[in-house]
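**Q** Sequence first, predicted coordinates after that:
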Amino acid sequence: MDVLIALLAIAVGLILFILLGLDVQYRQRLGNKMELSSGKWEIEVYEPQRYVLVGELEFHNFTERLEVMVPEIRAEVVLLSADSLEGITTTTRIEPRFKGADVRADGYWESHIVKIGKDDPIEVTVEIRGDDLGQLRVAWVQIHYMTYGPEGRCPNVRHVIVPLKFPTVEESHRWRPATNADVLPIRTHLLTHLDDPVAIVKRYVMPHAQPGDVVTLGESPVAIMQGRFRHPSTIQPGWLAKRLCYLFLPTSSLATACGLQTLIDLVGAGRVFVAFFGGALAKLIGKKGVFYQLAGEQARLIDDVTGTIPPYDKFIVLGPHNPREICDRIQQETGLSAAIVDVNDLKAVKILASTADLSHSLLKQALISNPAGNANEQTPVVLIRPTEPERGLRSKFSSP
């Protein structure tokens, strides 16, 4: 009997060990790990009654040693306009551009296998027609695709924002007085992943600039240009996010499960838990802000849904990546000193990064009234013209 019990225990242990091994390898090799890039987009036709947008995107299979299929794909378009959309129509077409693809005249998508580690391109065309398209501002293209593989059928969406309205340089001309400087909020088109911060400065700022000026960019627009925004539908809140989010202030971007899960995905569940525990202990002795110190810079910079202008009000926007590098690039290519800032209507000015020659005190004084605005002004760039004698440069006696 003892031998039988021992054999049974060994068998149960072996089964549990096998199950544990299966679970470990499953978690290490998540199936259906495939992404569709945002791609490169161009407006090939830009006529008063007809726009044609063409995007070149790619599927990439990241699943190890396993192929993933794309049995279904479709696109839909949401238009944002300054006027009614009545009478305006959109049509979409998706065509395979990978080797050996059969482009069908009827638009039918034949199920496709994406090989391991391969990039398979597709072309998405959006045609917009109407009597007058001049009031259109943005095309929000949503590409819905199904992956089929080890995880079964998994729905996915790639969101692409394409600007349709481009303001002229002359639309930004109203300088405003500030402490030790004059400031010029500069209007741009709606910034997207298709844009580059340096190119935006060259296009919209340089016609107004002169030597000694300083250009500042909002942190959220910079993050958007880097593609650092996520739709809540792509976020799977875990146990920790669902429970801790209730303990943040209602106005915090971490007070929702998806907002907090975004931070967890960035820095890890362990760091977030330790930061929360440390912050709670610090509050008991009257010290605030410890959570954000321990959780890292991104904890303060995440903007949850409604935190930015449409259509990004539907997304969670992260903080920018390598902001100092962007500032240095702007200075190298334009000659202007530069800073990336987070400013709000509560007279809070946070400087994420700046070129080495800038006085942070001057930046804060110039931006304290939030000249860029927090609504739909669409002025993500501010040009600062320091008045004499400071000229915005940091002296050897000034502190950052």
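**A** Perfect, I can see it now.
**Q** thinking residue 353 is in contact with residue 326, fair?
**A** Yes: judged on C-beta atoms under 8 Å, residue 353 makes contact with residue 326 at a distance of 7.4 Å. Yep, even glycine has a C-beta here, placed from its N, CA and C like the rest.
**Q** out of those two, which sits in the busier spot?
**A** Between residue 353 and residue 326, counting by other C-beta atoms under 10 Å, residue 326 is the more crowded of the two (24 against 19).
**Q** Is that one located within a helix, as I assumed?
**A** Yes: counting by DSSP: H, G, I helix; E, B strand; the rest coil, residue 326 falls inside a helix.
**Q** That one and residue 320 touch, don't they?
**A** Yes: counting by C-beta under 8 Å, residue 326 does reach residue 320; the two are 7.2 Å apart.
**Q** you'd agree residue 245 is in a helix?
**A** Yes: Residue 245: assigned to a helix according to three-state DSSP.
**Q** Just the strands from the stretch 251-400 of the chain, written as ranges.
**A** 316-317, 337-343, 349-354, 381-386 (DSSP state E, counting those that start in this stretch).
**Q** Compare the ones you listed and give me the one nearest residue 175.
**A** For the strands of the stretch 251-400 of the chain, the distance to residue 175 is smallest for strand 381-386, at 7.6 Å, taking C-beta to C-beta.
**Q** Now do the helices in the protein.
**A** 2-28, 197-200, 219-225, 239-244, 257-267, 269-284, 290-295, 298-301, 323-334, 360-367 (DSSP state H).
**Q** which residues do residue 326 and residue 320 both contact?
**A** Taking C-beta atoms under 8 Å, 6 or more residues apart in numbering as the criterion, residue 326 and residue 320 both touch 222, 340.
**Q** among the strands of the stretch 251-400 of the chain, which is nearest residue 207?
**A** Across those, closest to residue 207 is strand 381-386 (C-beta to C-beta), at 10.3 Å.
**Q** picking that back up, let me know which of the strands of the stretch 251-400 of the chain is the nearest to residue 45.
**A** Closest among these, using C-beta to C-beta: strand 381-386, at 28.9 Å.
**Q** returning to what we had before: mind checking the helices of the chain for the one nearest to residue 147?
**A** Each of the helices of the chain has some distance to residue 147 by C-beta to C-beta; the shortest is helix 2-28, at 16.8 Å.
**Q** Domain map for this structure?
**A** Domain segmentation of the chain under automatic domain parsing yields 34-163, 169-227+319-386, 229-317.
**Q** so how far is the first residue of the second one from its last?
**A** Which is domain 169-227+319-386. End-to-end distance for domain 169-227+319-386: 21 Å, by C-alpha to C-alpha, to the nearest Å.
**Q** With the shortest one instead?
**A** Length of domain 229-317, first residue to last, C-alpha to C-alpha: 4 Å.
**Q** what pLDDT, on average, does that domain get?
**A** In this model, domain 229-317 has an average pLDDT of 93.
**Q** if we can go back for a sec, can I get the helices of the chain in TSV with distance to residue 190?
**A** As requested, these are exported to TSV (distance: least, C-beta to C-beta, whole Å):
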stretch	distance to residue 190
helix 2-28	39
helix 197-200	12
helix 219-225	9
helix 239-244	30
helix 257-267	22
helix 269-284	32
helix 290-295	30
helix 298-301	20
helix 323-334	19
helix 360-367	22
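**Q** closest to residue 141 out of these?
**A** Going by C-beta to C-beta, the one of those nearest residue 141 is helix 219-225, 15.5 Å.
**Q** so of the helices of the chain, which one's packed in deepest?
**A** For these, the largest average neighbour count (mean count of other C-beta atoms under 10 Å) is found in helix 219-225, namely a mean of 24.
**Q** if we can go back for a sec, identify whichever of the strands of the stretch 251-400 of the chain lies nearest to residue 200.
**A** Of the strands of the stretch 251-400 of the chain, nearest to residue 200 by C-beta to C-beta is strand 381-386, at 6.8 Å.
**Q** quick one: strands adjacent to that closest one?
**A** strand 181-186 (antiparallel), strand 214-218 (antiparallel) (DSSP bridges).
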